[in-house]
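*Asks:* Predicted structure and sequence below. I'll ask about it afterward.
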Amino acid sequence: MGIFSKFLSKIKVSDLLHKPDLDEAENELIATDLGADLARRIIEETRKVKSQTPEEALQSVLSSHLSKKPRQLLIQPGLTTVMVVGVNGTGKTTTVAKLAQKFSPQGLVVLAAADTFRAAAVEQLQTWGKRIGLEVISGKENSDPASVAFDAIEKSRNLSASFLFIDTAGRLHNKSDLMNELGKIKRVIEKVSPVSEVLLVIDATTGQNGLQQAKIFAEAVNVTGIVLTKLDGSSRGGIALAIEDGLDIPIKFVGKGESIDDLTEFDPIAYIKGLIS
Ligand SMILES: Nc1nc2c(ncn2[C@@H]2O[C@H](COP(=O)(O)OP(=O)(O)OP(=O)(O)O)[C@@H](O)[C@H]2O)c(=O)[nH]1
């Protein structure tokens, strides 16, 4: 059931945007991952749209809050380098494997395990790499993650790879030293090769906290897109709209399960329809 379904079932019956209905709808929206401020603005704007049915009005207002930026992965001539960042456990390593699987048909993919703090994270990526049949570049435990990224660029160039996906260590977004380190990894890579994308992985089940994470990561490093994971475990997903509205960072991919093929491009039309169905 979509987050707006209760509201819509009500206004479909009355077919009028009575104030009590809207107040109730706003309260319902506040209880979702959209956040109070955005919920209020959406209701205010919907109230002003007179020429359409309530459902159409809501649909167009919701759509207008989505980012207009491109949602496809930016593919560059030569090597396309993608850093995958985010807090612990959001699904970064799994997402790197899913991206590798998705883009392998378009050219050789190399993976880099730049999480040098956790041996298990490196092993996890190596396991995925073996399964997909791809090279995984890693460094010694506790070595500089930027140097792993640098080595991975060299290796990718030697192999004439088309894609390099870099897994980074999970970090608490309120630890400034860890956040600064991300900027360093990016700068080191950019000395030799452009970074095409920095994809921030957000766990959809964390709700409004996802918006806070996105804000802080966006300040530390130029986040170019979001991968929203675990949407299969969240009936809400309103956080996608909250992030796009608040930060104008497009959701590029959506994770809907733990297996390698559970990654799809974000479809804004289907998303809005899903919210209000
Ligand atoms: N249901 C579901 N589970 C997912 C999805 N993506 C990842 N997971 C699971 O989430 C857990 C954490 O995933 P990881 O890829 O290890 O997350 P991480 O961000 O690399 O974790 P750290 O290395 O600890 O920072 C694993 O059990 C994954 O299988 C998804 O889209 N849906």
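*Replies:* Sure thing, it's come through. Residues are numbered from 1 along each chain as shown.
*Asks:* Next, find the distance separating Lys92 from the ligand.
*Replies:* Distance, Lys92 to the ligand, by CB to the nearest ligand atom, to the nearest Å: 4 Å. All C-beta spots, glycine's among them, are computed from the backbone N, C-alpha and C.
*Asks:* and that residue, how many neighbours?
*Replies:* Per other CB atoms under 10 Å, the neighbour tally for Lys92 reads 27.
*Asks:* again, but for Gly89
*Replies:* The burial count for Gly89: 13, using other CB under 10 Å.
*Asks:* Leaving out the residues flanking it, which one is nearest to it?
*Replies:* Gly170 (6.4 Å; CB to CB, 6 or more residues apart in numbering).
*Asks:* my read is that neighbour is in a helix, agree?
*Replies:* No. Gly170 is assigned coil when assessed by DSSP: H, G, I helix; E, B strand; the rest coil, not a helix.
*Asks:* Cross-check the contact I'm expecting between it and Val84.
*Replies:* No. Counting by CB atoms under 8 Å, Val84 is not a contact partner of Gly170; they are 10.6 Å apart.
*Asks:* higher neighbour count, those two?
*Replies:* Val84 (24 against 20).
*Asks:* What values do phi and psi take at the more buried one?
*Replies:* phi -110, psi 120 (degrees, to the nearest 10).
*Asks:* swap in Pro194?
*Replies:* Dihedral angles (degrees, to the nearest 10) for Pro194: phi -70, psi 150.
*Asks:* Can you tell me which residues in this protein are near the ligand?
*Replies:* The chain has residues 86, 88-94, 115, 121, 124, 170, 229-230, 232-233, 255-258, 262 near the ligand, with proximity defined as CB under 6 Å from any ligand atom.
*Asks:* Which members of these occur in helices, if any?
*Replies:* Lys92, Thr93, Thr94, Ala121, Gln124 (DSSP state H).
*Asks:* on that earlier part again, who's in contact with the residue nearest to Gly89?
*Replies:* Applying CB atoms under 8 Å, 6 or more residues apart in numbering, one finds that Gly170 lies in contact with Gly86, Val87, Asn88, Gly89, Thr90, Lys92, Asp115, Arg118, Ala121.
*Asks:* where in this protein is pLDDT low?
*Replies:* 1-21, 28, 31-32, 51-52, 173-175, 234-236, 277 (pLDDT under 70).
*Asks:* What residue spans form the domains of it?
*Replies:* Taking automatic domain parsing as the criterion, the chain consists of the domains 5-64, 80-276.
*Asks:* and of those domains, who's closest to Pro70?
*Replies:* domain 80-276 (7.0 Å; CB to CB).
*Asks:* Any idea how far apart the tips of the closest one sit?
*Replies:* End-to-end distance of domain 80-276: 36 Å, with CA to CA, to the nearest Å as the criterion.
*Asks:* Stretch 109-123 now?
*Replies:* Rule used - CA to CA; the end-to-end distance of stretch 109-123 is 18 Å.
*Asks:* Single out the residue in the stretch 51-200 of the chain that lies closest to the ligand.
*Replies:* Gly170 (2.3 Å; CB to the nearest ligand atom).
*Asks:* gap between that residue and Leu74?
*Replies:* 24 Å (CB to CB, to the nearest Å).
*Asks:* In the stretch 151-277 of the chain, what residue spans correspond to strands?
*Replies:* Ranges of strands in the stretch 151-277 of the chain, per DSSP state E, counting those that start in this stretch, are 163-168, 197-203, 225-229, 251-255, 263-265.
*Asks:* Distance from stretch 201-216 to the middle of the chain?
*Replies:* 9 Å (CA atoms, centre = their mean, to the nearest Å).
*Asks:* Which positions in it come out as buried?
*Replies:* 201-208, 210-211, 213-214, 216 (16 or more other CB atoms under 10 Å).
*Asks:* for stretch 219-236, same thing?
*Replies:* Going by 16+ other CB under 10 Å, stretch 219-236 has these buried residues: 220-221, 223-231, 234, 236.
*Asks:* could you show me where the helices are in this protein, in order?
*Replies:* Assigned by DSSP H, the chain shows helices spanning 5-14, 19-30, 36-48, 54-64, 92-103, 119-132, 145-158, 176-192, 209-220, 239-247, 268-276.
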